[in-house]
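Asker: build me a structure from this.
(2 chains)
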Amino acid sequence: MILSKKLNPPKEKLQTFSVKKINIPLILTVSLLCWFIFTFLVYPNINLLFETFWVDGAFSTAAFTRLLSSERAMRSLRNSFLLAFSMIVTTNILGVFCVLVTDYFQVKGAKWLRLAYMSPLAYSGIAFVGAFNFIYGSNGILTRLLVGAFPNFEPTWFTGFGGVLFITTFAGTTNHMIFLRNAIKGLDFQTIEAAKSMGATPWNILRKVVLPVLKPNLTAITVLVFLTGLSATSAPMIVGGQDFQTINPLIITFARNINTRDLAAALSLVLGLSTIIVLAISKKIEAGTNYLSVSKVKMVLEKQTIGNPIANIIIHILAYLLFAIYALPVIFILLFSFSDAYSISTGSLSWSRLSLDNYLMLFRQTGAFRPYLISIIYSGLAALIVVAIVLVVTRLLHRYKKRFILMEYLMMIPWFLPATLIAVALMVTYDRPSIFIGNQVLIGTQSLLLIAYVIVLIPFTLRMLKAAFFTVDDALEEASKSMGASNFRTFFKVVLPTIFPAIIAVSALNFNSQIADFDLTLMLFHPFTEPLGPVIMSATGEAAGIEARTMLLVYTVILMVISSIVLWLANGRVQRR
Amino acid sequence: MKFTTIKKLGLAVAAFGLTTVLGACGNEAEAENTQASQNEITAPEETTANDSRSLVIYSNALNDARSAWLEDIARDAGFELSLLAIGGGDLPNRLITERNNPIADVVFGLNHVAFETLKANDVLSPFTPVWADEIPNGWNDPEGYYHALTQLAITLVYNKAVLDETTAPTDWTDLWEREEFRGQYFINNNLGGATIRMAMASILVRYRDDNGIYGVSEEGWNAMRSFFEHGIVGSQDEFFQSLVDEVTPIVTLWTGGIIQREEEFGVNVGIVTPEIGAPFIIESISIVNGTQNRELAEEFINWFGSAEIQTKWSQEFYQVPANSIARPNAPEAMERLLDGVFPQDIDWEFVTENIDNWMTKIELDIMP
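Answerer: Numbering: from 1, shown residues only, chains lettered A, B, ... in the order given. This next block holds a predicted model:
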């Protein structure tokens, strides 16, 4: 059956597409998509490149020359690549280990371990880095303890490449915890049992049975990890110190100032080109490793006991060490958010100094919750819209693979460019009436930020939903159709439910990634609807005082709570299915 | 067989058509929803805007406490203010970006270098407030685009627990010329901030050379290089903490921020009074070109810049008023902010012309 499907239907589909030329809804959908892609993904960026490099009627390479002669820019670029490549190794090792501990091996207290390992999902970006810095930074709690115990201890031990890699590695395992866990759960227990009965060692089973199943997911995640490393911003800014600065903070600095936008654009081009190369390589790897589980009647995986007692102990120790690393920042942030500025600046905790004052102070302010509400609305809408758009695109990709390949590539554009540059491109292009958006001006409207959120979410969503789409068992769809279900019915009754968990998971992640967004928001927000990012910024900025540090913790805690609720809701939805 | 295939095909096409129609509808509904919720967000604001007592004000001189205070006192005077605090580096860029669809009615707090940039970009609209004559000569824009509110100096300050008048530096140049200050001073790594830009300008203008790079001699750039080489470069959230913790007892600060910080951090700060003088900054106010609320904006500027309100503002937040009637009423604690610090002779036109290039050069070639 599978064989016959492979031979026939693609031809049929091609025919429907070319013979029935008057498929108006399809044409409408496609043209709508084309308009969207051109107006928001292609044109603004081309326009920006044109405006920055086309000086006085000639192509100017002045920006590149300046950057090439700047030692700082070149060093930052090198550091970005160093971080990205290092992260591929460290994050994958850590991520795979975490997933094996929580879902493959029999480890005591796996439930709690999982909770801690998943904590980065609840607070991303600057909040996560801030929390780690709060423990390990030169003013951090652990650092103060160590300095107290060993007077010769260097308080800046965490500053530099090591600290940045540490933080980005621990922040980078979220995708493993979601997508790799799902893949592990999809393992066929019978295959493992069979391997065992044939005398395979646990190590060999891991290598020859488990890892190959994880490989497609791991490839996708590796690309994500590499890109996060390349565009790391908050970690190098906060703990990079003088010796380890990367390229994205520099791009942000340059993009914000009108006079240096050409430098930002030039640096972004370099990042963009490297991203394209990485994606191309990953596509090659993916094409070679299309692994399919052969069993159609899958048995639920039973956790594997670790036979070797020494290995068992080592794995338990490592697992709980990681637990501590993940859990400590959360616990301390929570505790200190109830304490006063004195405790925070001295890193000491005492019961007498704990109170609800900070929280009362926040909520006593009129409209203190408004920024949260606005951020929730923006991120929620963006998450919804992006899933709607991407679902249509993935459906098209799934059905007419080759014909929409260009569309797929164009939708990946936001991955090639730093978010700040996308913001600048939108600002530069739509600060005057444009025919592409019905002669409207986007600057100074609330929709600008929403559009930008949708744009930056597209690549991740497309990547993950496409992967989900292609894991839908063709046999299921085939069965549905052969039993007489229409294509439409098959899509809504068979395909959609199958990928529904992925849709929910991606939406929750999208929501959480935008809710406290910083760079993009700061440049594009409308002053009447000020989201969280700028509010946090003004609470910690140059003019803010000592109370700001306390309030930052309160903001972080509330963010964690909101994000956790979203994840919990999403998880509930997925499990009920 | 053939017939059923065709039938199937037809069905498939129809089904797919439906899917896409629904898909498209879904999208459109989504879009409409967005539109609707956008309108919901905008609507109340717009109606209040048309009620004509509501103003949008951008400023780099606001924080939570100041905004709350200003909102209250303005409400009593009949203004409904939407205040937006933006850093001095980002604010001009935002105003220039929004110039075809301005949101702000009034902008205040920027220094005149920034105001000159805004003027050149057609962002400002001229207006002469009733209190213009109460401002010392030469502080207002001669063409009437912006008028002075407060005055401050950018200088070095030090932790008095570590240094005293005899051991503290006497000028920026001491920082890299004298061994004992190596690693003892903090440099903000965000060159977008107004304070650090003015401090850099104060150093660079001393090495003016029209044949040099951006009007500065090689010696000047070397001095700047030494300045960065021997200082501790860090993020702005930690700069004052670094002084309090005695990690770097010397930092660059604007005089308007000194007293508030001393009170908050419980620390005594000494002010460096360079012999050459310190950059004096006039912070001004202006109407944004293209405002829909021009009359109200004028009314607000007349009110906010008046001697009465500026006196209150200075007493509450220790800002030195530019208004010569308000100035003598400033709290006593502020006297030392003015003692000894006198204006450095700076060709501001030269600074305005070059400051962006200077900052870019420092970012690219000098910063570590």
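Asker: tell me where the stretch 1-150 of chain B is predicted with low confidence.
Answerer: Residues of the stretch 1-150 of chain B that meet the criterion pLDDT under 70 lie in B:1-52.
Asker: ok, 50 please
Answerer: Along the stretch 1-150 of chain B, segments meeting pLDDT under 50 span B:1-50.
Asker: so which residues of it form helices?
Answerer: When assigned using DSSP state H, counting those that start in this stretch, the helices of the stretch 1-150 of chain B occupy the ranges B:2-50, B:64-76, B:90-97, B:112-120.
Asker: tell me which other helices or strands the second one touches.
Answerer: The elements that helix B:64-76 packs onto, with contact taken as 3 or more CB pairs under 8 Å, 6 or more residues apart in numbering or on different chains; DSSP states H and E, are strand B:80-85, helix B:294-304, helix B:307-317. The way it works is simple: take the backbone N, C-alpha and C, and place the C-beta from them, glycine included.
Asker: A:Ala220 contacts A:Arg463, doesn't it?
Answerer: Yes: taking CB atoms under 8 Å as the definition, A:Ala220 is a contact partner of A:Arg463 at 6.4 Å.
Asker: distance to A:Phe226 added to the helices and strands packed on helix B:64-76, as TSV?
Answerer: Output for the helices and strands packed on helix B:64-76, formatted as TSV (distance: least, CB to CB, whole Å):
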stretch	distance to A:Phe226
strand B:80-85	37
helix B:294-304	50
helix B:307-317	48
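Asker: and the stretch 251-400 of chain A, which residues reach chain B?
Answerer: A:253-254, A:256-260, A:263, A:345, A:365, A:374, A:377, A:381, A:384-385, A:388-389, A:391-392, A:395, A:399 (CB under 8 Å from any CB of the partner chain).
Asker: residue in the stretch 1-150 of chain A with the shortest distance to chain B?
Answerer: Closest contact between the stretch 1-150 of chain A and chain B, by CB to the nearest CB, is at A:Ser70 (3.8 Å).
Asker: give me the number of residues near A:Lys284?
Answerer: Using other CB atoms under 10 Å in any protein chain shown, A:Lys284 has 9 neighbouring residues.
Asker: any figure for the gap between it and A:Val278?
Answerer: For A:Lys284, the distance to A:Val278 equals 11 Å [CB to CB, to the nearest Å].
Asker: for B:Val244, same thing?
Answerer: B:Val244 is 45 Å from A:Val278, by CB to CB.
Asker: got the phi/psi numbers for A:Met483?
Answerer: phi -90, psi 10 (degrees, to the nearest 10).
Asker: and for A:Thr420, the neighbour number?
Answerer: With other CB under 10 Å as criterion, A:Thr420 counts 24.
Asker: one more: the one 5 residues further on?
Answerer: Burial measure for A:Ala425: 28 neighbouring residues, criterion other CB under 10 Å.
Asker: just the element for it, please.
Answerer: Assigned by DSSP states H and E, A:Ala425 falls within helix A:419-429.
Asker: ok, then the element right after that helix?
Answerer: That would be, after helix A:419-429 and using DSSP H and E, helix A:447-471.
Asker: the next helix or strand after that next one - what's its average pLDDT?
Answerer: Sequence order places helix A:474-482 as the next helix or strand after helix A:447-471, per DSSP H and E. The pLDDT scores in helix A:474-482 average 78.
Asker: quick one: which of the helices and strands packed on helix B:64-76 is nearest chain A?
Answerer: strand B:80-85 (4.2 Å).
Asker: re the thing from before, could you check how far the residue of the stretch 1-150 of chain A closest to chain B is from A:Phe64?
Answerer: 11 Å.
Asker: more neighbours, the two?
Answerer: When A:Ser70 is set against A:Phe64 and neighbours are counted by other CB under 10 Å, the residue ahead is A:Ser70, at 21 against 16.
Asker: how about the more buried one, what does it touch?
Answerer: B:364-365 (CB atoms under 8 Å, 6 or more residues apart in numbering or on different chains).
Asker: tell me how far the one residue in the stretch 101-250 of chain B that gets nearest to chain A lies from A:Ile443.
Answerer: Residue of the stretch 101-250 of chain B nearest chain A, by CB to the nearest CB: B:Asn101 (3.7 Å). B:Asn101 sits 5 Å away from A:Ile443, going by CB to CB.
Asker: and for the two, which residues touch both?
Answerer: Common neighbours of B:Asn101 and A:Ile443 (CB under 8 Å, 6+ apart) are A:Asp431.
Asker: which one's more surrounded, the two?
Answerer: More crowded of B:Asn101 and A:Ile443, by other CB under 10 Å: A:Ile443, with 22 against 17.
Asker: the strands in the stretch 251-400 of chain A, which residues?
Answerer: With DSSP state E, counting those that start in this stretch applied, the stretch 251-400 of chain A shows no strands anywhere along its length.
Asker: low pLDDT regions in it?
Answerer: Residues of the stretch 251-400 of chain A that meet the cut-off, pLDDT under 50, sit at A:294.
Asker: if I look at the closest residue to chain B within it, how far off is B:Asn357?
Answerer: Evaluated by CB to the nearest CB, the stretch 251-400 of chain A has A:Asn259 as its residue closest to chain B, separated by 4.3 Å. Distance, A:Asn259 to B:Asn357, using CB to CB: 8 Å.
Asker: CA-only coordinates of the helix holding A:Ala425 in PDB, if you can.
Answerer: Extracted as PDB, the C-alpha positions of helix A:419-429 are listed here (Å, rounded to 0.1, in the frame of the first residue of the first chain):
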ATOM      1  CA  ALA A 419      15.200  40.800  15.200                       C
ATOM      2  CA  THR A 420      16.500  44.300  15.700                       C
ATOM      3  CA  LEU A 421      17.300  44.600  12.000                       C
ATOM      4  CA  ILE A 422      13.800  43.300  11.100                       C
ATOM      5  CA  ALA A 423      12.400  46.000  13.300                       C
ATOM      6  CA  VAL A 424      14.600  48.700  11.600                       C
ATOM      7  CA  ALA A 425      13.500  47.400   8.200                       C
ATOM      8  CA  LEU A 426       9.800  47.700   9.100                       C
ATOM      9  CA  MET A 427      10.400  51.200  10.500                       C
ATOM     10  CA  VAL A 428      12.300  52.400   7.500                       C
ATOM     11  CA  THR A 429       9.900  50.900   5.000                       C
END
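Asker: what residues of stretch B:312-329 count as buried?
Answerer: Residues B:312-315, B:317-323, B:326-327 are the ones in stretch B:312-329 that count as buried (16 or more other CB atoms under 10 Å in any protein chain shown).
Asker: ugh, wrong one, I meant stretch A:479-492
Answerer: A:480-481, A:485-488, A:490-491.
Asker: got it, and stretch A:223-233?
Answerer: A:223-233.
Asker: gap between stretch B:295-311 and the chain center?
Answerer: 20 Å (CA atoms, centre = their mean, to the nearest Å).
Asker: ugh, wrong one, I meant stretch B:134-142
Answerer: Distance, centroid of stretch B:134-142 to centroid of chain: 21 Å (CA atoms, centre = their mean).
Asker: apart from its neighbours in sequence, what residue is nearest A:Gly380?
Answerer: A:Phe511 (6.2 Å; CB to CB, 6 or more residues apart in numbering or on different chains).
Asker: where's that neighbour, which helix or strand?
Answerer: helix A:496-515.
Asker: out of the buried residues of stretch B:312-329, who's nearest A:Gly130?
Answerer: Among the buried residues of stretch B:312-329, B:Phe317 lies closest to A:Gly130 (CB to CB), at 27.9 Å.
Asker: OK, contacts around the closest one?
Answerer: So B:Phe317 contacts B:65-66, B:69, B:256, B:260 (CB under 8 Å, 6+ apart).
Asker: what sits against the residue most central in space within chain B?
Answerer: Per CA atoms, centre = their mean, the C-alpha nearest to the average position across chain B is that of B:Gly88, at 1.8 Å. B:Gly88 is in contact with B:60, B:109-111, B:114, B:192-195, B:197, counting by CB under 8 Å, 6+ apart.
Asker: let me know the closest of these to A:Ile37.
Answerer: B:Gly192 (33.2 Å).
Asker: out of everything not next to it in sequence, what's closest to that closest one?
Answerer: B:Gly89 (2.5 Å).
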